[in-house]
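1. next input, structure requested:
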Amino acid sequence: MNNHLEIATEVQAALANNQAVVALESTIISHGMPFPQNVETALKVEQAVRNRGAIPATIAILNGKLKAGLSVDEITELGKRGTSVAKVSRRDIPFVLAQQAYGATTVAATMIITEKAGIRVFATGGIGGVHRGATHTMDISADLQELAQTNVAVVCAGAKSILDLKLTLEYLETKGVPVIGFGTDEFPAFFSRKSGLGVDYRVDKVEDLAKALHIKWQLDLKGGVVVANPIPERFEVEYAAIQSATEQALQEADVAKIAGKEITPFLLSRIEQLTKGESLKANIQLVLNNARLATDLAIALSRVVG
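-> Next comes the predicted model:
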């Protein structure tokens, strides 16, 4: 493993001293936002983690190495390369490594590298899930399967609003993945605070959540946890506006026969255009909000573990 995994010196020191570390994904840098907003947002998110008292570890694949913790120059390089960087999930990791290529990690791949590095808490925007029309296409994100087997708590603003949220929750239930609403009884819908769907448990204090996570992994109950953290109210986009933009974007994707790895970046980009940039602003704010909660949770977990 040491031949393939590089942990930044700062991250290594924090882990050795039981200091809180928060993992961050890189797909949002290369595929989630345009340059230079992608780099600016990534650095803001890292700073938000530091300001809250933890060490950030942005996860990616660079020059054929799994990386836990990136420099400013490395983040900037990913941002500039943009969508030319491979979008990496579980199945892609060995091939990107063998090619000594660059890879931006999805939620699934980020979870894998996060666990291998010894990090327990990961902040992202929203998880992948069951796509609309999946009863015919079988298009289900590998993120859900990873959550079923990889011991990482994923702090997110729910699942991306372009998905079938009800079926996503059903899938997570089948796989035994707890969906926790932090300060909410309702599963958030990414850009919006409400979806009309419930969560498995509501938790209002990070200390209580940290205790439950510690017990789960002490008992060797494999798998992650979805910590659903609603976007702050002042930043949410009207649900009807997002739904309208999503339906139009989905229709356009269908006509253009866009599918697989390309569908999510296309839809998010098109929704940004249709909402005149409001969805991008909301995306940035929800990621920052998730990073802050993930930091609080990582600190609480480090105290519980001792």
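2. where do the helices sit along this structure?
-> 9-16, 27, 37-52, 72-81, 93-98, 107-117, 134-137, 142-147, 165-174, 206-218, 239-255, 263-274, 278-305 (DSSP state H).
3. flag every buried residue along the fourth one.
-> Buried positions in helix 72-81, judged by neighbour count with 16 or more other Cβ atoms under 10 Å: 74-79. Just so you know, the C-beta spots here come from the backbone N, C-alpha and C atoms, and that holds for glycine as well.
4. between it and helix 37-52, how many degrees?
-> Per axes from the mean of the first three to the mean of the last three Cα atoms, to 10 degrees, the angle that helix 72-81 makes with helix 37-52 is 150 degrees.
5. the closest residue to Gly118 other than its chain neighbours: what's it in contact with?
-> Spatial nearest neighbour of Gly118, excluding adjacent residues (Cβ to Cβ, 6 or more residues apart in numbering): Leu15 at 5.2 Å. Contact analysis of Leu15 by Cβ atoms under 8 Å, 6 or more residues apart in numbering lists 7, 21, 117-119.
6. returning to that earlier point: out of the helices of the chain, nearest to Cys156?
-> Minimum separation from Cys156 across those (Cβ to Cβ) falls at helix 278-305, 6.0 Å.
7. do you know how far the residue nearest to Leu221 when sequence neighbours are not counted is from Leu267?
-> With sequence-adjacent residues excluded and distances taken as Cβ to Cβ, 6+ apart, Leu221 is closest to Gly176, at 8.0 Å. Distance, Gly176 to Leu267, using Cβ to Cβ, to the nearest Å: 29 Å.
8. nearest to Val45 among the buried residues of helix 72-81?
-> For those, the nearest to Val45 is Ile75 (10.1 Å; Cβ to Cβ).
9. is the closest one in contact with Glu40, as I believe?
-> No - with contact defined as Cβ atoms under 8 Å, Ile75 does not reach Glu40; the gap is 10.0 Å.
10. surely Leu5 is in contact with Ala117?
-> Yes - in this structure, Leu5 is within contact of Ala117 by Cβ under 8 Å, at 6.7 Å.
11. if we can go back for a sec, now, of the contacts of Leu15, which are buried?
-> Buried among these (16+ other Cβ under 10 Å): 7, 21, 117, 119.
12. out of the residues you listed, who's nearest Asp296?
-> For the buried ones among the contacts of Leu15, the nearest to Asp296 is Val21 (13.2 Å; Cβ to Cβ).
13. spatially central residue in this structure, please.
-> Thr124 (2.9 Å; Cα atoms, centre = their mean).
14. please report how far it lies from Asn18.
-> 24 Å.
15. not counting its neighbours along the chain, what's nearest Glu252?
-> Arg270 (6.4 Å).
16. meant to ask about Val72
-> Leu43 (6.7 Å).
17. okay, now the one you found: neighbour count?
-> When neighbours are defined as other Cβ atoms under 10 Å, Leu43 has 17 of them.
18. hmm, back to that, got a list of what the residue nearest to Leu221 touches?
-> Residues in contact with Gly176 (Cβ under 8 Å, 6+ apart) are 148, 221, 223.
19. shared neighbours of Leu5 and Ala117, which are they?
-> By Cβ under 8 Å, 6+ apart, the residues touching both Leu5 and Ala117 are Ala68.
20. longest strand in the protein, by number of residues?
-> When the chain is parsed with DSSP state E, its longest strand is strand 55-62.
21. next, the angle helix 278-305 makes with that strand.
-> 120 degrees.
22. quick check: angle from strand 55-62 to helix 107-117?
-> Calculated by the same axes, to 10 degrees, strand 55-62 forms an angle of 110 degrees with helix 107-117.
23. next, the distance between the ends of stretch 229-239.
-> 17 Å (Cα to Cα, to the nearest Å).
24. then stretch 85-97?
-> 13 Å.
25. that one: how far from the chain's middle?
-> Counting by Cα atoms, centre = their mean, to the nearest Å, stretch 85-97 is centred 17 Å from the centre of its parent chain.
26. mind listing what's buried in that stretch?
-> Buried positions in stretch 85-97, judged by neighbour count with 16+ other Cβ under 10 Å: 85-90, 92-93, 96-97.
27. what mean pLDDT does it get?
-> Computed over stretch 85-97, the mean pLDDT rounds to 96.
28. contact partners of it?
-> Counting by Cβ under 8 Å, 6+ apart, 4, 27, 30-31, 61, 64-66, 78, 101-106, 108-109, 112, 142, 145-146, 261, 265 sit against stretch 85-97.
29. just the buried residues out of those residues, in PyMOL syntax.
-> A single PyMOL command selects the buried members of the contacts of stretch 85-97 (16+ other Cβ under 10 Å):
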select buried, resi 27+30+31+61+66+78+101+102+103+104+105+106+108+109+112+142+145+146+265
